[in-house]
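**Student:** With the input below, show me the fold.
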Amino acid sequence: MARINQAADSQIKSPALLAGLFCLLFLFTACQAPKSPEDVTSAFWTSLIKANIVEAKQYATKNTQPLITEQETRTNTVLHTGEIVINAQLATVETIMTENDRTFSFDTALVKENDQWKVDYQQTLLNISAMPFNGIMKNLEQLGNDLNEKLEQQMPLFEKQIESFGEQLNRKLDEFGRYLEDPKKWKRQHPNGDSI
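**Tutor:** I've put the predicted structure just below:
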């Protein structure tokens with residue numbers, strides 16, 4: 001038994017073994033890169049979906065943590081992320097949620113705090129509150145697209161009507177030109193007093 005303990009002690013004290021353990025520890029910590037904005041966004045909203053306020057606050061900036069309350073939880077929600085935009089210390093992640101068969105999307109705002117991405121929940125709430133306005137803008141854009149499509153469909157008819165109007169205008173201008181050249185002759189040719 002003493003021989004086993006002595007062998008174990010010599011292995012632990014071996015410089016090669018210590019160097020190996022140090023390298024393994026270094027590799028383990030080096031592989032844990034800071035979480036991406038998408039990872040933080042997913043973890044934050046997943047925590048709220050699970051009603052885990054304490055965990056959700058860990059993913060938020062210090063000054064916006066007090067805004068995260070029980071009222072912010074979103075049960076029965078399916079979460080997806082979309083486009084990610086990173087601009088130096090700021091990022092946005094398109095967040096798509098389906099809740100009670102209703103899908104809506106908004107941008108989750110993130111900032112770097114102590115070299116880690118954190119959700120700026122105040123800006124995110126502003127983005128969420130802008131959703132109805134965004135919906136109105138999308139509806140107006142769709143209305144404009146529909147109107148443009150109908151105008152394009154009607155364009156050949158408009159072109160024919162404009163062409164016909166142009167031809168009538170040319171005839172009237174020719175008639176007016178003849179009247180100006182010889183008003184008496186024109187009146188003889190138009191005894192009923194036709195107007196030009």
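**Student:** Okay, strands next: where are they in this protein?
**Tutor:** For the chain, the strands defined by DSSP state E occupy 77-87, 90-99, 102-113, 116-119.
**Student:** which of the ones you listed sits most buried?
**Tutor:** Most buried of these by mean neighbour count (mean count of other C-beta atoms under 10 Å) is strand 116-119; its value is a mean of 22. The C-beta positions use only the backbone N, C-alpha and C, and glycine is treated the same way.
**Student:** Give me the domain ranges for the protein.
**Tutor:** 1-32, 37-129, 141-189 (automatic domain parsing).
**Student:** I'd like those domains as TSV, with mean pLDDT appended.
**Tutor:** Listed next are the domains of the chain as TSV, based on pLDDT from 0 to 100:
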stretch	mean pLDDT
domain 1-32	48
domain 37-129	90
domain 141-189	79
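**Student:** which of these sits most buried?
**Tutor:** domain 37-129 (a mean of 16).
**Student:** List the single closest residue to the spatially most central residue of the chain in space, sequence neighbours excluded.
**Tutor:** In the chain, the C-alpha nearest the mean C-alpha coordinate belongs to residue 94, at 5.5 Å (C-alpha atoms, centre = their mean). Spatial nearest neighbour of residue 94, excluding adjacent residues (C-beta to C-beta, 6 or more residues apart in numbering): residue 82 at 3.4 Å.
**Student:** That neighbour: what's it in contact with?
**Tutor:** Each residue near residue 82 by C-beta atoms under 8 Å, 6 or more residues apart in numbering is listed here: 93-96, 105.
**Student:** Relative to residue 75, how far out is it?
**Tutor:** 22 Å (C-beta to C-beta, to the nearest Å).
**Student:** now residue 95
**Tutor:** 17 Å.
**Student:** go on, residue 161?
**Tutor:** From residue 161 across to residue 75, the span is 59 Å (C-beta to C-beta).
**Student:** who does the nearest residue to residue 40 once chain neighbours are set aside bridge with?
**Tutor:** Ranked by C-beta to C-beta, 6+ apart and with sequence neighbours excluded, the top spatial neighbour of residue 40 is residue 117, at 4.5 Å. On the basis of DSSP bridges, residue 117 is bridged to residue 112.
**Student:** which residues touch residue 123?
**Tutor:** residue 109.
**Student:** Show me where the chain has its helices.
**Tutor:** Under the criterion DSSP state H, the chain contains helices at 2-13, 15-30, 37-49, 53-58, 121-129, 131-181, 183-189.
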